[in-house]
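Visitor: just coords:
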């Protein structure tokens, strides 16, 4: 936790902004690629970031993503303002989704978002306050 | 690091430094210094775009000279199906086969059977594959190299099945050496190519030790002698003994043919470097979730749009469609036999495709980040109009060149010019930004 933060950048995401959905995770991916991390690590971080970003776009009003790179870890922190999650345990189950038919038509809502983040991270924390918002803490070991 | 073979040469005496190649290069592999273009070898993916745009003829494809192809005792021409589309549609394609023999080839090897076999092999592979999707065709050598260099994480998605031209050459050599009772070394299979990239795939294959093809000549080079030979062929010369059983199949030389032949509804066909790059970005960002197979061609419209062809690709496409209509069903392959060979592993590439990632800014993460910050701050000081006057294609590429120690901020006519001309406070600012790169 006390690792020196070598790189920090903050990004904002707007809820319901489907035309820009995915741009933050794409930027995160480019940054990590440029720093020269192993392609497998970049991929895991990019998938986790993408799923997290899509959750904000679909369910929240707005959100902030903070990317921190330390000598041996990639940390992605996400904080959103929105409806939050009532039952986190349920939301973490594969296949569980509260997506609307419109979201499903766009190819989302398979209930794999949060499980996918967990699968691609080495450390994952989620806290939520219904009616207020959700916080994610994703850590990927870089070596 | 391995030295990469590139099938192009920059002729310095001819280069006028007009930067057209630098601007068109999809991987930003060209810099122009002192009015001469030069190639960054690690970045080049052999697409041939630079050859097409050079107004001075200073970039030449390094195909084999026609004469050298004639060194083998038994000379076999292996024409890309595109060759047949370069003649007027009323020219009998069998005359082209005779023409190839008249200009010096002993045999003409036809890829149509191999095309159908590989299609069956590909169908079988796709229907039994249970891994990460979408799979990407291995057909276009430029796309394969682009993936190795810029999308290292996607190399595992490239289908490990060999391409028809290689299978055709391999079969033909075996059959001919058996028939004539000669050593395979005496048989030279020469590919008539539509692009420089296929030359690399022959000289320095990405996924195997060596190619079954022995040389490549450019379609443009062969066209002039062939055209007059074909014009001299009379209708009565077109006989069974001269041509044998003529078969024709356009193979995958037109964009969309591969996906059409595969009949998969979850597939797309994309061509042209800028669209190919967009689709690879989408795959990398996991956006192509409803697609299982992607056919990619770096040349617009497929191989008919290659840089070494003579006919406009739309006309060539029209001619190929006419030929296909006329010779549809001329090739027959035994599906069961093909599947037997498939199970023996005959169609598979020998090696796994390995990534060829670019050199990072620095091998050390902390230093790489430091350099990235430097690069970003240099970039922010630049005019961001990508004028190219510094000799790099974009301001961003220029900033990276500076950080890598390969360019100096003085090369920028805006920022560098201010420094040289006025000095003073601005001078100090620039120095701070550019760090200790000199």
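Guide: Received, thanks. For clarity, every value in this text was computed on a predicted model and none was experimentally measured.
Visitor: Report the separation between the residue lying closest to residue B:206 once chain neighbours are set aside and chain A.
Guide: Counting by Cβ to Cβ, 6 or more residues apart in numbering or on different chains, residue B:206 lies nearest to residue B:144, which is 5.6 Å off, once chain neighbours are set aside. Bear in mind the C-beta positions are built from the backbone N, C-alpha and C, glycine included. Taking Cβ to the nearest Cβ, to the nearest Å as the criterion, residue B:144 is separated from chain A by 16 Å.
Visitor: Contacts for the host helix or strand of residue B:144 next, please.
Guide: With elements delineated by DSSP states H and E, residue B:144 resides in helix B:141-150, which encompasses its position. By Cβ atoms under 8 Å, 6 or more residues apart in numbering or on different chains, the residues outside helix B:141-150 that reach it are B:26-27, B:42-43, B:45-48, B:136-138, B:154-155, B:158, B:195, B:197-198, B:200-201, B:206-207, B:273, B:276-277, B:280, B:296-299, B:353-358.
Visitor: from these, which ones fall inside strands?
Guide: The strands, defined by DSSP state E, take in B:136, B:296, B:297 from the contacts of helix B:141-150.
Visitor: Reformat those residues as a markdown table; add pLDDT.
Guide: Supplementary listing: the ones in strands among the contacts of helix B:141-150 in a markdown table, determined by pLDDT from 0 to 100:
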| residue | pLDDT |
| --- | --- |
| B:136 | 96 |
| B:296 | 96 |
| B:297 | 96 |
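Visitor: And the residues you listed, which is closest to chain A?
Guide: Within the ones in strands among the contacts of helix B:141-150, the smallest distance to chain A is 15.4 Å, found for residue B:136 (Cβ to the nearest Cβ).
Visitor: what number of residues lie near that closest one?
Guide: The number of residues packed around residue B:136, counting by other Cβ atoms under 10 Å in any protein chain shown, is 24.
Visitor: ok so, going back, please check the contacts of helix B:141-150 and keep the buried ones.
Guide: In the contacts of helix B:141-150, burial by neighbour count holds for B:26-27, B:42-43, B:45-48, B:136-138, B:154-155, B:158, B:195, B:197-198, B:200-201, B:206-207, B:273, B:276-277, B:280, B:296-299, B:353, B:355-358, counting by 16 or more other Cβ atoms under 10 Å in any protein chain shown.
Visitor: Spatially, what comes nearest to residue B:46 if we skip its sequence neighbours?
Guide: Closest to residue B:46 by Cβ to Cβ, 6+ apart is residue B:197, at 4.2 Å.
Visitor: Now do the contacts for that neighbour.
Guide: If you count contacts by Cβ under 8 Å, 6+ apart, then residue B:197 has B:7, B:45, B:46, B:47, B:48, B:140, B:141, B:142, B:145, B:298 around it.
Visitor: Against residue A:30, how distant is it?
Guide: Going from residue B:197 to residue A:30 by Cβ to Cβ, to the nearest Å gives 26 Å.
Visitor: Look up which helix or strand the residue nearest in space to the middle of chain A falls in, please.
Guide: For chain A, the residue whose C-alpha lies nearest the mean C-alpha position (Cα atoms, centre = their mean) is residue A:52; its distance is 2.4 Å. Using DSSP H and E, residue A:52 sits in helix A:39-59.
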